[in-house]
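Peer 1: Got a predicted model here, sequence first, then my questions.
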Amino acid sequence: MPKTALILIDIQNDYFEGGLWTLPEMDRAAANAARLLSAARQAGKLVIHIRHEMASEAAPFFRPGSAGAQIHASVAPGNDERVITKARPNSFHNTPLLDVLRETGVEAVTLCGAMSQMCVDATARAAADFGFAVTVVGDACAARAASFGGVEVDASAVHAAFMAPLAMSYGKVVTTAEHLAA
């Protein structure tokens, strides 16, 4: 069985109620991510927390040094768990993530977090391009509604629209229950 790392992406305070960029279903996604985190810790798997921090105090969310940019308490990093800060949607871009995974012999990654249509998608595609086997735990991810060309798309449709191509070409998309039962 390949060595697997759990990567929790941007489960940060600004995405929760009272934050600057709330996501529907973030509480559910974080609760499922917490279940994945507990199982990974019990199995002794490598756990990496990714946190996004914008470059400007004027950013709409994840402002530098703000409480909103901190990792949510539901998935607080353990003392031996790596936290990697990024400034772009792709968790590999200008971060040590690839080096950490390669140095530890990881061959497969399990991803969860937010936003489905941005950082989860960008990280999953990059991980596949780097040769990792990718699993996205869909119900441990959250999306935000979007609009384009006058078309309004609710968060659940955005989420589904991004999980479908990931499942088709980049890896597996499973539920928390399916992942934990495997």
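Peer 2: Sure thing, it's come through. Just so it is clear, the structure is predicted and the values come from calculations on it, not from any experiment.

Peer 1: C-alpha from now on. contacts and neighbour counts both.
Peer 2: Will do.

Peer 1: need the next SSE after the biggest helix by length in the chain, C-terminal direction.
Peer 2: In the chain, with assignment by DSSP state H, the single longest helix is helix 26-43. Proceeding N to C from helix 26-43, the next assigned helix or strand is strand 46-52, under DSSP states H and E.

Peer 1: for that following strand, packing partners?
Peer 2: Using 3 or more CA pairs under 8 Å, 6 or more residues apart in numbering; DSSP states H and E as the contact test, the elements touching strand 46-52 are strand 4-9, helix 26-43, strand 82-86.

Peer 1: could you give the angle of that strand to strand 82-86?
Peer 2: Angle of strand 46-52 versus strand 82-86, following axes from the mean of the first three to the mean of the last three CA atoms, to 10 degrees, is 30 degrees.

Peer 1: Please enumerate residues in contact with strand 46-52?
Peer 2: Residues outside strand 46-52 that contact it (CA atoms under 8 Å, 6 or more residues apart in numbering): 4-12, 37, 40-41, 62, 69-71, 77, 81-89, 91.

Peer 1: Now that we have those, which of them are buried?
Peer 2: The neighbour count (16 or more other CA atoms under 10 Å) marks 4-12, 37, 40, 62, 69-71, 77, 82-86, 88-89, 91 as buried among those.

Peer 1: now the helices and strands packed on strand 46-52 in TSV, with mean pLDDT?
Peer 2: TSV is the format used below for the helices and strands packed on strand 46-52 (pLDDT from 0 to 100):
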stretch	mean pLDDT
strand 4-9	98
helix 26-43	98
strand 82-86	98
